[in-house]
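quick one: sequence plus predicted model below, questions after.
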Amino acid sequence: MPSDQEDQNSLDLQQYSLIFKRRWLVIATVAGSVFGLSALTAFRQKPIYEAEGKLLFNKTDRVSSLTSPSASVGELSGVTQLSSPLDTEAEVIRSNPIVEKTITNLKLTDKKGVPLEIDEFLKKLKVKSMKGTDILSIYYNSTDPKEAAAVVNSLMTYYLENNVSVNQTQATAAKRFLTKQLPEVEGRVIRAEAGLRRFKEENKVVALDQEATTGVERLTALSDQITQAQSNLVDAETRSQLLQRQLKLNSQQAVDMGNLSQSKAVQQVLTEYQQAENELAVAQTRYTNEHPQIANLMAKAAALRKQLEVRVGENVGKQPVSQQNLQMGELKQSLTAQLVQSDVERSALANRVTVLKNAYALSQKRLSILPLLQQKQQQLERQLQVARTTYEELLKRSQEVEVVVNQNVGNARVVSGALVPNKANSNIILYLALGGFLGILLGVGIALMLEAMDQSLKTLEQAQQLFGYPLLGTIPHFGQKAKAGKESLVELPVRDNPHSLASSAFEMLQTNLDFSISDKPLKIIAVVSSTPGEGRSFVAANLAVAKAHMGRRVLLVDADMRHSCQEKIWKLSNPIGLSNVLVGQAEFPLTTQEVLVNLDVLTVGTIPPNPAALLNSQRMVSLIQEAAKNYDCVIIDTPALSLFGDALMLSKVADGILLVVRPGVLDTTVAKNTKTMLEQSRSHVLGMVVNGVTGVSGYSYYSSKEYYQNNGNENKVSKENYQKV
């Protein structure tokens, strides 16, 4: 990983280095211009004198906290924790009233004699605090040393006057404010006390905390009593139910039976009735029912029964009572008494439970509102406390302000007046250094901006990365200039200068082409470029010469019917060419022209109105097939892909396409479109040749002449014959 990072950093540095090499003129021009302007400005500046004065600040301002009970008396402090009191006072010194008063009294003017503007004055003024102290330093720059000192001293004088005036104004305003506020605050205290008293009276509040404690204890006791009473009630109900089942009487019946058993009138009639019944029973054993004695006894028994019912009704009402319940034994009477007593006890316990529950609910309700009452009481007490505190504080401030109103002091004093400076500040070196730095920075920035705006391919690596095709050759950029009678040196270096770098590059290109296809021989090559100006015709012509030098019969076909270049390169003037053959006006073997040994050229001929129709015709296919039979290699020079589709048509009859790319000429967008067109047409791209390369790190070419000279030690390689590609 570290190695990869180092390689990446190295590549970035190389890219920036190439950018600076390409844009060195822009960088030098901008840097020189900025540096020159800085130097001119520096030397034209008049000497600047700087005067200095110092103010010491003390915590003697007894006005700023008069109306603020939370602040400490006499403390010079900021509004927030981030603010600085000294910085605040510095801005006061720079304020418009003090500055304007200084300008007016000293009659300060600019170069034109016009009264100095406040903004211009502030540019010359500097106020800063000395770290770790309570001192503000005031600086003023001027071409006149006396004026600089006078300005600083005037500023300090006017600031001190303003400070005292502000203190007096604040003290007077504070006195008026306190005089007005004291009665209002006293009224708030009285109202708060009355409100608290009414609250306690309305809610019967004495001590809520103690009441809450007592209430909780009372609830606990009531809860225990309710539990005990409910337990006793359950016991009483159980006993009552058992007695009722044993006696087969309910509680009311038991009471009634008890009353009947204790009634003498009922018992007397009952006794007589029972006696009559007994006599009747005895008589019936002796006599028949028709006997007078039986009739008398039955009448007597009936009369006694009726009288008994009347006596029972007088005691228990109309409720029917069996005869066996009218007389009870001692045990039954005891049980009946227990039933009545148990029922009475149950009723009493039920009432007790109800009373206890009601008392518990009332206590609980009182306890539930205690928090609200406590909150309200605390709120009223807090209001009362605030009102009292505010009143006491205002009363205290009122007494203090009486003292401050009669004082004439500020919170600052001069510790060092401004002296007339006798030495000017020289900024020439600063101007020059700043100008040089900004010039270089601006130059580099403009260079990088121009580089970012430039969308053309700039390096061989970018071309490889963008297209992704095999690199078959790189043609170096050679800077020979055409001389009179030697224009062809620029266009045909392989023919005219076989020992040149370009000749070696084309020899390497044609060798790589021979190895590009292994399964069949490569005979028909279409030389294609994305845009005009990339040297497509130049590459096609010199590649044909290189193959001819290898002893192969080569035909160079100029199929660029839009803008033919081969006629100019070979200086041919025959108007009959490819277009004439395709329309049947000429024969192919008779139309070609021999320009070198083993090299024939088929020019464009007459420019047709519709070149695409001719190039996409069957005649074109037949012509190329015939040429492939007669020649070892056929090289087709095609139009640019970005302008016309002729090259894609011709690629169908070729064994492969050789793509010519020239950095600095080809735009990135056009290159991407070319890549897309080639992929969509499924053209067989053999590879690409990069033309006009000016620099490839790590590679160097020597001409064959230099190679032989080096081997023979005849001469050293000169710098002019060595070029990095």
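Yep, that arrived. Numbers count the residues shown, from 1 in each chain.

low-scoring stretches of the stretch 601-725 of the chain, by residue?
In the predicted model, the stretch 601-725 of the chain carries pLDDT under 70 at residues 695-725.

now the helices for it?
Ranges of helices in the stretch 601-725 of the chain, per DSSP state H, counting those that start in this stretch, are 611-615, 618-630, 646-651, 668-681, 704-711.

tell me the domain boundaries of this structure?
The chain breaks down into these domains under automatic domain parsing: 2-178+408-428, 501-690, 695-725.

what's the end-to-end length of the second one?
Looking back up the chat, that one is domain 501-690. Using CA to CA, to the nearest Å, the end-to-end distance of domain 501-690 comes to 14 Å.

ok, back up a step: could you point out which of the helices of the stretch 601-725 of the chain sits nearest Arg413?
helix 668-681 (70.8 Å; CB to CB). C-beta here means a position set from N, CA and C on the backbone, and glycine is covered the same way.

who's in contact with the closest one?
Helix 668-681 is contacted from outside by 455-457, 463, 466-468, 530-531, 641-642, 648, 651, 657, 659, 661, 685, using CB atoms under 8 Å, 6 or more residues apart in numbering.

out of those residues, which sit inside strands?
Ile657, Leu659, Val661, Val685 (DSSP state E).

ok, Ala671 to Glu679 distance?
13 Å (CB to CB, to the nearest Å).

averaged pLDDT, the longest helix seen in the chain. What do you get?
Taking DSSP state H as the criterion, the chain has its longest helix at helix 330-405. Here helix 330-405 scores 75 as its mean pLDDT.

distance from the chain centre to that helix, please.
Relative to the chain's own centre, helix 330-405 is displaced by 55 Å; criterion: CA atoms, centre = their mean, to the nearest Å.

what's the burial count for Tyr469?
Residues near Tyr469, counting by other CB atoms under 10 Å, number 19.

please look at it and Val685 and confirm they touch.
Yes - at 5.4 Å, Tyr469 and Val685 qualify as touching, with contact defined as CB atoms under 8 Å.

between these two, what contacts are shared?
Common contacts of Tyr469 and Val685 (CB under 8 Å, 6+ apart): Leu659.

where's Pro611 relative to Ser342, distance?
Distance from Pro611 to Ser342, by CB to CB: 131 Å.

just to revisit the earlier point, mean neighbour count and distance to Lys200 for the helices of the stretch 601-725 of the chain - can I get that in JSON lines?
Shown next, in JSON lines, are the helices of the stretch 601-725 of the chain (neighbours: other CB atoms under 10 Å; distance: least, CB to CB, whole Å):
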{"stretch": "helix 611-615", "mean neighbour count": "19", "distance to Lys200": "109"}
{"stretch": "helix 618-630", "mean neighbour count": "15", "distance to Lys200": "117"}
{"stretch": "helix 646-651", "mean neighbour count": "24", "distance to Lys200": "104"}
{"stretch": "helix 668-681", "mean neighbour count": "15", "distance to Lys200": "89"}
{"stretch": "helix 704-711", "mean neighbour count": "14", "distance to Lys200": "117"}
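
for these, which one sits closest to Val386?
Val386 lies closest to helix 668-681 among the helices of the stretch 601-725 of the chain, at 75.0 Å (CB to CB).

off-centre distance for the closest one?
On the basis of CA atoms, centre = their mean, helix 668-681 sits 39 Å off its chain's mean C-alpha point.

for Ile446, which residues are in contact?
Ile446 is in contact with Val26, Ile27, Val30, counting by CB under 8 Å, 6+ apart.

what about these, which are in helices?
Cross-referencing the contacts of Ile446 against helices under DSSP H gives Val26, Ile27, Val30.

nearest residue to the last one in space, please, no chain neighbours.
In space, and not counting its chain neighbours, Val30 is closest to Gly443: 3.7 Å by CB to CB, 6 or more residues apart in numbering.

equivalent analysis for the second one, please.
Nearest in space to Ile27, with sequence neighbours left out and distances taken as CB to CB, 6+ apart, is Gly443 at 3.8 Å.

do I have it right that that neighbour meets Thr29?
Yes - with contact defined as CB under 8 Å, Gly443 and Thr29 form a contacting pair (7.4 Å).

so for those two, which sits in the more crowded spot?
Neighbours were counted for Gly443 and for Thr29 using other CB under 10 Å; Gly443 has more, 24 against 13.

wait, is that one part of a helix?
Yes - per DSSP: H, G, I helix; E, B strand; the rest coil, Gly443 lies within a helix segment.

quick one: contacts for it?
Val26, Ile27, Ala28, Thr29, Val30, Ala31, Val34.
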